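Q: Below are the sequence and a predicted model for it; my questions follow.
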Amino acid sequence: MTFNHALLMLGGGGLLLYGIKMMSGGLETIAGDSLKRILQKATSNRFLAIFVGMVATIALNSSTGTTVMTVGFVHSGLLNLTQAIGVIMGANVGTTFSAQLIAFGMANISLTSFAVVFIFVGSTMHIFFKNSRVKNIGYVILGFGIAFFGIATMSDAMRPLRADESFQAFLVGFENPALALLAGFAVTALIQSSTATTAILVTLLATGLYIPFQTAAFILLGVNIGTSLTAVIASIPANRDSKRAALFHISYDIIGSIVFGSLILIFPGILDWFTRTWSAPEQQAAMFHTLYNVSTMFLLLPFIKYITTLMMKIVPAITENVGLIYEKKLVYLDGQISQSPTMAVVNAHMETCRMGKIANENLGMALQAFYEKDVEKAKIVMENEGVVDFLHQNITSKLAEITNKRLSTGDAKKVGDMFVVLSDIERVGDHAENIAEYTQLVVEDSLKFSDIAIEELQSISKVTTGLMDMVLGAYEKRDKSKLVEIKELEDKVDGMASEFARNHFKRLKSKTCKAKSGVVFMDIINDLEKTADIGEKIVLSLAE
């Protein structure tokens with residue numbers, strides 16, 4: 001194999017990866033909103049969830065994209081663990097579609113001729129048409145052509161390997177099933193695309209390069225495990241259910257590999273059946289990939305309920321810390337802007353929800369500090385306000401980067417709304433800081449409040465914090481059903497604020513309340529009323 005052939009193979013691999021990225025990105029731009037709605041509508045019916053996972057993966061041409069998106073939806077509460085397990089099982093089957101297309105397509109047509117037609121059509125649509133939807137469809141077609149041109153380039157570059165004795169000797173080492181499985185895992189984990197790894201293997205086989213079918217089968221088993229690693233990484237900062245979903249994904253692939261790897265070694269006739277049924281090595285590999293994933297799905301399908309219980313035990317629920325000081329860091333957007341547009345928007349939403357949770361918990365802690373006259377707790381509130389400000393600045397910066405991506409109309413609107421919601425949440429943090437400062441003033445000046453004044457503050461505090469809990473829950477799940485109830489609560493807070501202000505002035509006239517204490521009383525009432533107004537504004541962004 002010459003140096004030029006090596007360069008062609010590397011260049012072809014680069015075109016394949018870039019083409020796959022273009023297809024996935026373009027399809028997400030065209031159908032990202034629809035795919036998210038489809039995923040969200042996956043019910044506890046395991047068969048529907050599996051079908052949704054298959055369709056989403058074929059549409060995105062990426063099981064990694066589907067599973068990472070699923071982990072994100074589990075975190076935000078849009079899917080439960082049982083639903084996520086079904087989607088992941090379907091994604092594993094859907095990802096085999098590309099290998100089938102490549103393996104059976106190469107046998108009937110010239111890949112180069114096929115690719116250049118798609119490149120011409122796609123580039124023409126993308127460059128010369130003004131309609132954004134037509135341009136995006138052209139972008140997908142162009143990516144499809146580039147991916148297949150990359151496969152054709154690799155195929156031509158790999159042909160000399162058939163007669164290369166040193167390369168054949170290298171492949172002998174992978175006749176060890178464990179090494180073959182490890183190779184499939186390592187390459188897939190490195191390039192984060194099972195589609196690309198499978199395409200490379202199928203292309204190698206299609207060139208006539210001899211790779212024992214057993215070796216190819218174990219490489220494919222490793223590919224399945226490797227593709228689950230990205231979901232595991234994505235779940236690290238997420239909640240417990242997200243971790244359970246990711247753990248299921250990698251456990252599912254490991255169990256399937258152990259079961260079918262053992263069957264292959266014990267009953268070699270299984271592989272003989274593939275070689276008798278399909279004559280072309282690349283078709284044998286593609287069919288093994290598909291039937292292995294389908295068989296694993298049917299093997300574990302009856303045990304979804306028990307697997308869910310097992311995941312709950314392996315990753316048990318934990319009691320969250322109260323009164324903690326948060327770290328100044330991004331969790332979901334830290335170094336993640338290189339990912340697909342849909343996932344970037346999903347993660348930005350999750351990061352915004354996290355900021356909202358911190359600001360809301362800070363509000364609750366500030367009120368506790370005030371009623372308990374706890375200065376130390378008030379200091380924690382002020383430290384956490386610095387975290388809220390940090391998140392506001394950095395999430396806004398990341399959103400600006402996301403706006404430069406190829407976003408669907410729905411995603412573009414969500415990003416625009418997030419800019420406004422972030423500012424609103426930051427203002428909630430400011431009101432929490434104000435209340436913490438009042439606590440310090442009350443303690444330092446030994447201010448006293450009448451029992452009725454405290455009762456009024458506690459009652460309006462309870463309604464306001466309940467409203468904010470409902471607002472952030474509705475925003476996280478994009479649940480419009482709470483709009484009316486939230487509006488009623490906001491009106492209630494307004495009414496209480498007016499009533500309590502009148503009561504306060506009566507107490508001032510009767511001298512049952514001191515002026516300085518009265519100023520703090522009215523400031524807290526105003527902070528809570530403004531917080532409720534902000535909450536209503538946040539949830540109204542869902543209705544627009």
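A: Received it, and whenever you're ready, just let me know what you need.
Q: From here on, just use CA atoms for contacts and neighbour counts.
A: Fine.
Q: which residue ranges form the helices in the stretch 351-500 of the chain?
A: In order along the chain, the stretch 351-500 of the chain carries the following helices (DSSP state H, counting those that start in this stretch): 375-402, 409-445, 451-477, 483-509.
Q: List just the one of those that sits closest to residue 210.
A: helix 375-402 (45.1 Å; CA to CA).
Q: and the closest one, average pLDDT?
A: The average pLDDT for helix 375-402 rounds to 92.
Q: cool, and stretch 254-267?
A: With pLDDT averaged residue by residue, stretch 254-267 scores 91.
Q: Skip ahead from the host helix or strand of residue 200 and say which helix or strand is next.
A: With the criterion set as DSSP states H and E, the secondary-structure element containing residue 200 is helix 194-206. Using DSSP H and E, the helix or strand that follows helix 194-206 towards the C-terminus is helix 213-226.
Q: what's that following helix in contact with?
A: Contacts made with helix 213-226 from outside it, assessed by CA atoms under 8 Å, 6 or more residues apart in numbering, are listed as 92, 174-178, 180-189, 192, 194, 197-198, 201, 250, 253-254, 257, 261, 264, 271, 281, 284-285, 288-289.
Q: By mean pLDDT, which helix or strand of the chain comes out lowest?
A: helix 165-172 (a mean of 65; mean pLDDT, DSSP states H and E).
Q: Return the per-residue confidence for residue 306.
A: On the pLDDT scale, residue 306 is placed at 83.
Q: circling back to that earlier point, and of the helices of the stretch 351-500 of the chain, who's closest to residue 102?
A: With distances scored as CA to CA, the stretch of the helices of the stretch 351-500 of the chain nearest to residue 102 is helix 409-445 (31.8 Å).
Q: Show me what the closest one packs onto, helices and strands only.
A: Applying 3 or more CA pairs under 8 Å, 6 or more residues apart in numbering; DSSP states H and E, one finds that helix 409-445 makes contact with helix 341-372, helix 375-402, helix 515-540.
Q: which strands and helices sit next to the second one?
A: Read that as helix 375-402. Packed next to helix 375-402, using 3+ CA pairs under 8 Å, 6+ apart, are helix 341-372, helix 409-445.
Q: what's the answer for the longest one, then?
A: Under the contact definition 3+ CA pairs under 8 Å, 6+ apart, helix 341-372 sits against helix 3-40, helix 63-75, helix 375-402, helix 409-445, helix 451-477.
Q: now it against helix 63-75, angle please.
A: When axes from the mean of the first three to the mean of the last three CA atoms, to 10 degrees is applied, the directions of helix 341-372 and helix 63-75 differ by 20 degrees.
Q: Kindly report the same for the last one.
A: Helix 515-540 and helix 63-75 are oriented at 140 degrees to each other (the same axes, to 10 degrees).
Q: In helix 515-540, which residues are buried?
A: 517-518, 520-540 (16 or more other CA atoms under 10 Å).
Q: Show the average pLDDT along that helix.
A: Regarding helix 515-540, the rounded mean pLDDT is 93.
Q: Equivalent analysis for the first one, please.
A: When pLDDT is averaged along helix 341-372, the result is 90.
Q: any weak-confidence spans in the stretch 101-250 of the chain?
A: Where the stretch 101-250 of the chain drops to pLDDT under 70, the residues are 105-111, 161-173, 234, 237-239.
Q: now the helices for it?
A: So, for the stretch 101-250 of the chain - with DSSP H, counting those that start in this stretch - the helices run 111-128, 132-158, 165-172, 177-191, 194-206, 213-226, 229-235, 240-266.
Q: Deepest-packed of the ones you listed, please.
A: Using mean count of other CA atoms under 10 Å, the stretch among the helices of the stretch 101-250 of the chain with the greatest mean number of neighbours is helix 213-226 (a mean of 26).
Q: List the contacts of the nearest residue to residue 5 once chain neighbours are set aside.
A: The spatially closest residue to residue 5, leaving aside those adjacent along the chain, is residue 157, at 4.9 Å (CA to CA, 6 or more residues apart in numbering). Under the criterion of CA under 8 Å, 6+ apart, the contact partners of residue 157 comprise 5, 6, 8, 9.
Q: what separates the residue lying closest to the second one once chain neighbours are set aside from residue 198, distance-wise?
A: In this structure, residue 6 finds its nearest non-sequential neighbour in residue 157, 7.0 Å apart by CA to CA, 6+ apart. Using CA to CA, to the nearest Å, one obtains 17 Å as the distance from residue 157 to residue 198.
Q: Residue 511: how many residues sit nearby?
A: Using other CA atoms under 10 Å, residue 511 is surrounded by 10 other residues.
Q: how much space between it and residue 342?
A: The span separating residue 511 from residue 342 equals 60 Å under the rule CA to CA.
Q: One more: residue 79?
A: If you measure residue 79 against residue 342 using CA to CA, the figure is 17 Å.
Q: Same check on residue 311?
A: In this view, residue 311 and residue 342 are 27 Å apart by CA to CA.
Q: quick one, which of the two is more surrounded?
A: Legend: neighbour count by other CA under 10 Å for residue 311 and residue 342, higher for residue 342 (27 against 20).
Q: Can you verify my assumption that the more buried one contacts residue 410?
A: No: taking CA atoms under 8 Å as the definition, residue 342 is not a contact partner of residue 410, at 10.2 Å.
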